[in-house]
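*Asks:* Got a predicted structure here, sequence first:
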Amino acid sequence: MSEHRIYLDHSATTPVDERVVEAMTPYYHQIYGNPSSTHSFGRDTEDAIETARETVAQILNCKPGEVIFTGCGTESDNIAIRGPVYAALQGGKHLHVISSPLEHPAVGQTVQQLNAVFNVKTTLLPVQADGSISPETLRQHLQPDTTVVSLMTANNEIGTVLPISELAAVAHENGTLFHTDAVQAAGQLPLDVQDLGVDMLSLSAHKFYGPKGVGVLYVREGTNLLPSHTGGSHEFGLRPGTHNVPLIVGFAKALELAEAEREQHVDHFTSLRDRLIDGILTAVSDVQLTGSHDHRLPSHASFVFKNADGNNLLMHLDRKGIAASSGSACHTGNPEPSDVILALGNDRDWALGSLRLTVGRHTTHEEIDFVVKTLPGVVEKVRQLNAAIQA
């Protein structure tokens, strides 16, 4: 194994900030009451939850009552899509859902299931080669009965950032709800829901140096959602279950730090990202950047390499001490090309060779230089292995 240990998979997860751990720790063993209890122990933890809710609301520029704590971004996405659909079905309405082929499975598979089980009409919008979607494209596919549009703020596999405020405005012209999965955006892009104009927005703490197992769904006041789960009145009736107080406190602290320090981190990320992209496109043959060059997450670099299996790339990079991804962390290990990469129009010879490298707060320029120096040899070795298998 290599003496190097370089982590370039921050889109999959980030380490928990020590300041976040410090904020969470008392709620494991000192302030431990059930927040639904009426005694002082319960009131102490309820106060912590409501303080966290107010912190998140200030950052999102919304009312505290519009902040719903969930178990993760995936759950937030499910509530945001199923909720309006179930409410419409309960009302006996015909309905239609719009999304894209580039969404995280939390959205994509939910939309598929609604179609398969409830016969909900669905449309996946056509996308440009860089993963962008124009407001006019959305306008052309809206129908009078379109209930909800769900489009990701920033793509987890290719880093492309969509013009969410413009897309939401088009949906609202049609009287349609607009949800965005902003899981990748926190700590890198503004999250003011008034500026974005969205009705619902999903977040997950472990993408911005918070703990795993806690998320948020912003739901604009007056949005009609039917809960997917029943069993209690927690979270305004939308998410029953005993609150995980330490994680909720951790979510708020992580988001507070990410927003307060966003500008300095974005400058750092962008410098490293550009160094990575320029170096790899120069040093490796038969390589293409995936996603938008100009409208891209500051931390995100992604590529396809012709005739190079992505999983073999990951294995050989890992032997060199470099942790990366072939796209979504949810897909790593799958021998088939990513649906996202295929949706961009890539041939299979290219699509199989996808690689995502995402930098973080502690990534150094020296680490990026080592990756740029190491990757050409790894790609060549993987291509030779691929050619031998094909022979």
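*Replies:* On my side now, so go ahead. Everything numeric in this text was worked out from a predicted model, so none of it was measured.

*Asks:* give me the low-pLDDT residue ranges for the stretch 51-200 of the chain?
*Replies:* Along the stretch 51-200 of the chain, no part satisfies pLDDT under 70.

*Asks:* which residues of it fall in strands?
*Replies:* According to DSSP state E, counting those that start in this stretch, the stretch 51-200 of the chain carries its strands in the segments 67-70, 96-99, 121-124, 146-150, 177-181, 200-204.

*Asks:* With mean neighbour count as extra columns, can I get the ones you listed in TSV?
*Replies:* Placement of C-beta: from N, CA and C, glycine included. Listed next are these as TSV, based on neighbours: other C-beta atoms under 10 Å:
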stretch	mean neighbour count
strand 67-70	24
strand 96-99	23
strand 121-124	16
strand 146-150	24
strand 177-181	28
strand 200-204	29
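
*Asks:* would you list these in JSON lines and tack on distance to residue 251?
*Replies:* Below are the strands of the stretch 51-200 of the chain laid out as JSON lines (distance: least, C-beta to C-beta, whole Å):
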{"stretch": "strand 67-70", "distance to residue 251": "7"}
{"stretch": "strand 96-99", "distance to residue 251": "26"}
{"stretch": "strand 121-124", "distance to residue 251": "31"}
{"stretch": "strand 146-150", "distance to residue 251": "22"}
{"stretch": "strand 177-181", "distance to residue 251": "16"}
{"stretch": "strand 200-204", "distance to residue 251": "8"}
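
*Asks:* Which one of these lies nearest to residue 297?
*Replies:* Closest approach to residue 297 among the strands of the stretch 51-200 of the chain (C-beta to C-beta): strand 177-181, 13.3 Å.

*Asks:* Output the contacting helices and strands for the closest one.
*Replies:* Applying 3 or more C-beta pairs under 8 Å, 6 or more residues apart in numbering; DSSP states H and E, one finds that strand 177-181 contacts helix 73-90, strand 146-150, helix 164-173, strand 200-204.

*Asks:* Export those as TSV, with columns for distance to residue 242.
*Replies:* Formatted as TSV, the helices and strands packed on strand 177-181 follow (distance: least, C-beta to C-beta, whole Å):
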stretch	distance to residue 242
helix 73-90	15
strand 146-150	29
helix 164-173	33
strand 200-204	20
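
*Asks:* Quick check: which of those is buried the most?
*Replies:* Ranked by mean neighbour count under mean count of other C-beta atoms under 10 Å, the helices and strands packed on strand 177-181 are led by strand 200-204, which reaches a mean of 29.

*Asks:* Walk me through which strands that strand pairs with, and which way each runs.
*Replies:* Sheet pairing here is set by DSSP bridges, and for strand 200-204 it gives strand 177-181 (parallel), strand 215-219 (antiparallel).

*Asks:* Tell me where the stretch 251-391 of the chain has helices.
*Replies:* Ranges of helices within the stretch 251-391 of the chain are 262-283, 310-319, 339-343, 348-351, 365-390, based on DSSP state H, counting those that start in this stretch.

*Asks:* Buried deepest among these, which one?
*Replies:* Buried most deeply of the helices of the stretch 251-391 of the chain, by mean count of other C-beta under 10 Å, is helix 339-343, with a mean of 21.

*Asks:* mind listing what residue 43 touches?
*Replies:* Listed by C-beta atoms under 8 Å, 6 or more residues apart in numbering, the contact set of residue 43 reads 33, 37.

*Asks:* what's the pLDDT at it?
*Replies:* On the pLDDT scale, residue 43 is placed at 94.

*Asks:* Backbone torsions only: list them for it.
*Replies:* phi -60, psi -30 (degrees, to the nearest 10).

*Asks:* and residue 160, bridged to which residues?
*Replies:* Under the criterion used (DSSP bridges), residue 160 bridges to residue 296.

*Asks:* looking at it, it is touching residue 294, isn't it?
*Replies:* No. Look at residue 160 against residue 294 with C-beta atoms under 8 Å: they stay out of range, at 9.8 Å.

*Asks:* These two: who's more crowded?
*Replies:* The neighbour count for residue 160 versus residue 294, taken as other C-beta atoms under 10 Å, is higher for residue 160 (28 against 8).

*Asks:* quick one, domains of the chain?
*Replies:* Domains of the chain are assigned by automatic domain parsing as 6-14+262-390, 18-260.

*Asks:* For the first one, measure first residue to last.
*Replies:* Spelled out, that is domain 6-14+262-390. 32 Å (C-alpha to C-alpha, to the nearest Å).

*Asks:* Renumber starting at 27 from here on
*Replies:* In the new numbering, first residue 27, that becomes domain 32-40+288-416.

*Asks:* quick one: contacts for residue 72?
*Replies:* Taking C-beta under 8 Å, 6+ apart as the criterion, residue 72 is in contact with 61, 62.

*Asks:* what distance separates the helix or strand it falls within from the centre of its chain?
*Replies:* Element membership for residue 72 (DSSP states H and E) is helix 66-86. The chain centroid and the centroid of helix 66-86 are separated by 24 Å under C-alpha atoms, centre = their mean, to the nearest Å.

*Asks:* One more: stretch 144-155?
*Replies:* 19 Å.
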